[in-house]
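*Asks:* Fold the following for me, if possible:
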Amino acid sequence: MTYPRLLLKQEIVIPAIVSFHYTELTKDYVYPGERHEFWEFLYMDKGEAEIRSGDRTYLLRQGDLVFYTPGDFHTMRANGVVAPNVMIVCFECASPAMAFFQGQSFRLGDPERALLAQLLSEGRTAFDPPVDKPGHTPLRPGKSVRFAAEQMIRLYLELLLIRLIRIHSSPRPGRTRLSTQAREQEDALLAADIAAYLREHPASRPTIAELSRRFLVGATQLKTVFKQETGATITEFHSRLRIEQAKAWMREESFTYTQIAEKLGYGSIHYFSRHFKKCTGMTPSEYDKSLKARVIDEEEEPREWTTKIWPSCP
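*Replies:* Below is the predicted model of the structure:
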């Protein structure tokens, strides 16, 4: 007996990526510009910057994503106040549906940001060096990677593009499964409130019990929801937050190492240095040197496109 087959239609197909990196830039960063014959998107994970692409100018803020159409000349300039963190992916895609993204920028919602977080997580293991490590090396497979990591990267990219097209070109669906949607929204708001509180109090060391009392929720639910929404435990998130704030202040040249250690609640400069190196692989002074070296490298970099990964730090 012969069984009929249905060939699955593929609207968006990404056969290859050219470059993928997560980069922490200085507050005065300026990129003079380039053009190339493949697609690129830039996601502003932190800070803001002025983007020029073709005849358009964008002010990208945290949570914004912009697409560069093949052949368009594009530049970037930080605002001189906040050191931006950006995620940049360059890829090949000849699908006709990509015309939707020509000259487009988007404010991403929680599901789309979650996709980018998963994409970055795969990028950290799929390539050697990881996409968020300093260096000027072409993409190459990592030595110890999770099963199908490169395929997952392609799937996350394609899913992100499909979601953006659906969200911004179709009417919103009816109010179905309201209770489930309401619960998901409540969970997202709870995690966002906890994250905001931790950001506002980077020097504090709140316990789960203290957070439970503050947000009027059980300890188990609090831990479960936060992990589900952010991908990290509260301890991991807070630890990462302190290091990210320390790196931002260093890039902005706002405070001395001792002042940073005090502001972030470290008992001593030595404890701060040990924790910083444990999280980033570099001491604070080594990180500062990498920033200065990055500026020199970028000043010497030609304007023509290369497949180098710009320096960054975890």
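*Asks:* what residues does the strand or helix carrying Tyr43 touch?
*Replies:* Using DSSP states H and E, Tyr43 maps to strand 39-46. Residues outside strand 39-46 that contact it (Cβ atoms under 8 Å, 6 or more residues apart in numbering): 19, 22, 51, 60-70, 74, 76, 82-93, 98, 101, 108, 116, 244, 248. Glycine gets a C-beta too; all of them are placed from N, C-alpha and C.
*Asks:* Please indicate which of the residues you listed are buried?
*Replies:* 19, 22, 51, 60, 63-69, 74, 76, 82-91, 93, 98, 101, 108, 116, 244, 248 (16 or more other Cβ atoms under 10 Å).
*Asks:* So which of these sit within strands?
*Replies:* 19, 22, 51, 60, 64-68, 74, 76, 85-91 (DSSP state E).
*Asks:* now stretch 89-101: how far from the chain's centre is it?
*Replies:* Chain-centre distance of stretch 89-101: 20 Å, with Cα atoms, centre = their mean, to the nearest Å.
*Asks:* before we move on, what about stretch 22-37?
*Replies:* Worked out by Cα atoms, centre = their mean, stretch 22-37 lies 15 Å from the chain centre.
*Asks:* tell me how far the ends of that stretch are from each other?
*Replies:* For stretch 22-37, the first-to-last residue distance is 21 Å (Cα to Cα, to the nearest Å).
*Asks:* got the buried residues for it?
*Replies:* Neighbour count says stretch 22-37 has 22-27, 29-31, 34-36 buried, by 16+ other Cβ under 10 Å.
*Asks:* What segments of the stretch 101-250 of the chain are helices?
*Replies:* Taking DSSP state H, counting those that start in this stretch as the test, the helices found in the stretch 101-250 of the chain are 110-126, 149-169, 178-200, 208-215, 219-230, 234-252.
*Asks:* pull the CA atoms of the strand holding Tyr43 into CSV?
*Replies:* Only the C-alpha atoms of strand 39-46 are listed here, as CSV (Å, rounded to 0.1, in the frame of the first residue of the first chain):
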residue,chain,number,x,y,z
TRP,A,39,20.8,39.9,6.0
GLU,A,40,21.7,41.2,9.4
PHE,A,41,19.8,42.0,12.5
LEU,A,42,21.0,43.9,15.6
TYR,A,43,19.2,43.6,19.0
MET,A,44,19.8,46.3,21.6
ASP,A,45,20.0,44.3,24.9
LYS,A,46,21.0,47.3,26.9
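*Asks:* Now for the closest residue to Glu37 other than its chain neighbours: which residues touch it?
*Replies:* Distances taken as Cβ to Cβ, 6 or more residues apart in numbering place Pro70 nearest to Glu37, at 5.0 Å, with adjacent residues excluded. Pro70 makes contacts with 36-39, as judged by Cβ under 8 Å, 6+ apart.
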